[in-house]
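In: output the structure for:
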Amino acid sequence: MHNRITEMFGIEVPIFGFTHKPEVAIEVTNAGGMGALAASYYQPDELERILTDMDEKTAGRPYCIDVLFANKVGQVTPMSERLQALPKAHIDFVEKVLQDAGIPPLPPEVEAEMMREKAPGHGHTEEGVLEVLEIVVRHPQAKFVLSAMGAPLLTSWTGCTAAVSRSVRWPVAPSMRSSMCRRASI
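Out: Below is the predicted model of the structure:
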């Protein structure tokens, strides 16, 4: 299937798979779509290893990176503490929606991974976004960077442009809910 989206991004099918799991982004990419990895979750050294692995496992196919341009940056609360803070009515509602939809509970190992104590991704901070971008520009298969959540702070936006221009010229264009740095074909 060829259309403007597939031509613009160099993909075979107009499917974008947004995920924090590299394995899923790799599979979407290898299936002809655009795997979009949420990079803010990872520490810089983890992200470098993950992107190197993605480069190797996607055979030259393009993928993208999703970063978080937070309007407010504060202390990130671990998932285990978030669940304790939510009202019981909220948790009951979500459980009912999942049950009514026939969605099974998470496998125990997946739930344990979500709940394990782990430092929040460095990419959840303003400085971290810039560090994430510095890592991403070293991976030419990462064809663009987007922010599906939040609007960049002025310093982040300027930093994004600066980080990108040091490696490859990417046109930078804001949109309504996201900001994208897109690699130009040279």
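
In: now Ile91: closest residue in space, sequence neighbours ignored.
Out: The shortest distance from Ile91 to any non-neighbouring residue, by Cβ to Cβ, 6 or more residues apart in numbering, is to Leu83 (7.3 Å). Where you see a C-beta, it was placed from the backbone N, CA and C, and this is true even at glycine.

In: double-check that that neighbour belongs to a helix.
Out: Yes - assigned with DSSP: H, G, I helix; E, B strand; the rest coil, Leu83 falls within a helix.

In: I'd like to know how many residues surround it.
Out: 13 (other Cβ atoms under 10 Å).

In: how near is it to Ser40?
Out: Distance check for Leu83 against Ser40: by Cβ to Cβ, to the nearest Å, it reads 20 Å.

In: how about Asp66?
Out: From Asp66 to Ser40 the distance is 8 Å (Cβ to Cβ).

In: repeat for Ala142
Out: Counting by Cβ to Cβ, the gap from Ala142 to Ser40 is 14 Å.

In: neighbour count for the two, which is higher?
Out: Ser40 (26 against 20).

In: strands along the chain, start to end?
Out: With DSSP state E as the criterion, the chain has strands at 16-19, 34-38, 63-68, 142-149, 172-174, 179-182.

In: just for this structure, where's the confidence low?
Out: Under the criterion pLDDT under 70, the flagged ranges of the chain are 69-80, 82, 114-126, 148-186.

In: quick one: the helices in it?
Out: Listed in chain order, the helices of the chain (DSSP state H) span 4-9, 22-30, 44-57, 79-85, 88-100, 108-115, 126-136, 154-167.

In: so which of these gets nearest Phe16?
Out: Among the helices of the chain, the nearest to Phe16 by Cβ to Cβ is helix 22-30 (7.7 Å).
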